[in-house]
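**Q** structure, please.
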Amino acid sequence: QGITGQLSALALPEAPLGLVIINDRTINAFAIPAGVFGVNLGLLDKARNLDEVAGVLSHEIAHVSQRHYQNRGNEKTKQLLMQMGGMLAGIAASKADSGAGIAVMAGTQAMVANNAAAFSRSQEQEADRIGMQIMALGGYDVNAMPNFFALMNQQNQVKPNALIPSFVLSHPLTADRLSEARLRATTYRQATAIQAQNDSGQYYRKTLFDQMQWRARYFTHSINKNDLIIASKTSNGAKLALAMQYIDERDFSNAQKTLLPFASQISDLSNPLAVIVQATLDTAQGQHAQAITRLTALHNLMPERRDIRLYLTDSVLAKGTPTQSELQTSANLLQPLSRQNPRDIQVWQRLEQISQQLAKISTGNTKTLQEINVLRYRAQNEFWQNNLEAAVTTLTQAKKLALILNSQAILATINDQLRQVQSANQYK
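**A** Residues are numbered from 1 along each chain as shown. Now for the predicted structure:
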């Protein structure tokens, strides 16, 4: 998310709406005018360094900044809307069933690819040119763009009956285009080489990419434990992935041994992923207070990170009997996220769980208020999963409770939600 935000800020007037990581092993990435960026885990698996990932993202950002989607005609605009709608529906479905979500996204992508022509050659050339400018401004090696495109061209041969289109399908790579990209990259080479020598962050980028790549492989189950054990001898990213594998197997002893080399980095919070993995182990072993303490300290150091807020909330909820103070603190962490991105279903789900817990330990009007919040948050979850009728039913029940509470402010909020759902239902 940080890399996407950094690169998009160099070319787009508005911050990206969100980054979607798709659990798919094919190499692909996309950006759409709505401000959503998508990256297949296969891209992180096959890339050889962070510059190559930045190259693909920069290329996609360039398509958006140059309005290539808007310039593809009415028919292609309809297909883009189909892609956006199917993708967002797939993301929503994947929250409840990851397999279903992936199937929806894959089917929609395939439908669009089969009915829409690829970007024109001139658009691809412009995206390469602008993308390299974005990379250079961000301090990345522009040579990584043509290098990785060549790799994709080799590994993603388009098949007529393939279900999931690759990046290459919608971004055709001709020999001329690749040669032009390589030639253009040479104009940046000297500046990039000088920057690489002086950039003290090169080691950090290598470390970050190592962690990203192995975590992607862990989440996609694209590597077995024996391979992780071998890779962990030379890769710290693989060590952290191996620790997660041990946690999944409830082999807590080996998980803790695997984390021993990170002890000082966990203690001084200098390796956020190692802290998160250690907190995951703490939670799995029932050491909730320790996990909460670690993640609270990490959040205080990096308050901008959404994932840390979610992990911290999960640790609180995992306690079984969290205190009112802990629950309220978790709610305070998530509320800003719900305002920043109302489509964030994971946030609404956790807010619902928090309110359920608060309702259990509250009495009187406070209990009724929390019960209303449970219904409001559940309706948000249903709304963004396109379950509109259920959202109306849920909000109607919330409205009845609000009438008992006699709170005009809460009633106004619920009525606003109802109007939003009913408007979407009419559009549907």
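**Q** just the buried residues of stretch 296-313, please?
**A** Going by neighbour count (16 or more other Cβ atoms under 10 Å), the buried part of stretch 296-313 is 296, 298, 299, 305, 306, 308, 309, 310, 311, 312, 313. Yep, even glycine has a C-beta here, placed from its N, CA and C like the rest.
**Q** likewise stretch 415-428?
**A** Neighbour-count burial for stretch 415-428 flags 417, 418, 420, 421 (criterion: 16+ other Cβ under 10 Å).
**Q** okay if I get those as TSV plus pLDDT, secondary structure and distance to residue 180?
**A** Converted to TSV, those look like this (pLDDT from 0 to 100; DSSP: H, G, I helix; E, B strand; the rest coil; distance: Cβ to Cβ, whole Å):
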residue	pLDDT	secondary structure	distance to residue 180
417	95	helix	52
418	94	helix	55
420	92	helix	48
421	92	helix	50
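**Q** closest to residue 253 out of the residues you listed?
**A** Residue 253 has its nearest neighbour among the buried residues of stretch 415-428 in residue 417, at 48.6 Å by Cβ to Cβ.
**Q** who are the contact partners of the closest one?
**A** 376, 379, 380, 383, 391, 395 (Cβ atoms under 8 Å, 6 or more residues apart in numbering).
**Q** now with 6 Å?
**A** residue 395 (Cβ atoms under 6 Å, 6 or more residues apart in numbering).
**Q** hang on, the earlier thing: most widely separated two among the buried residues of stretch 296-313?
**A** 296 and 306 (15.5 Å).
**Q** re the thing from before, and the furthest pair within the buried residues of stretch 415-428?
**A** With Cβ to Cβ as the measure, no two of the buried residues of stretch 415-428 lie farther apart than 418 and 420, at 7.2 Å.
**Q** show the end-to-end separation of stretch 335-347, please.
**A** End-to-end span of stretch 335-347 (Cα to Cα, to the nearest Å): 8 Å.
**Q** quick thing: my sequence starts at 15, can you match it?
**A** Let's use 15 as the start, then, which means that last one is stretch 349-361.
**Q** and it, how far from the chain's centre?
**A** The chain centre lies 13 Å from the centre of stretch 349-361; the measure is Cα atoms, centre = their mean, to the nearest Å.
**Q** need the contact partners of stretch 432-442.
**A** With Cβ under 6 Å, 6+ apart as the test, stretch 432-442 has contacts from 397, 402, 405, 406, 409.
**Q** at 8 Å what do you get?
**A** Contacts of stretch 432-442 (Cβ under 8 Å, 6+ apart): 393, 397, 400, 402, 403, 405, 406, 409, 410, 413.
**Q** for the host helix or strand of the last one, buried residues please.
**A** Taking DSSP states H and E as the criterion, residue 413 maps to helix 402-419. The neighbour-count check on helix 402-419 (16+ other Cβ under 10 Å) flags 402, 404, 405, 406, 408, 409, 411, 412, 413, 415, 416 as buried.
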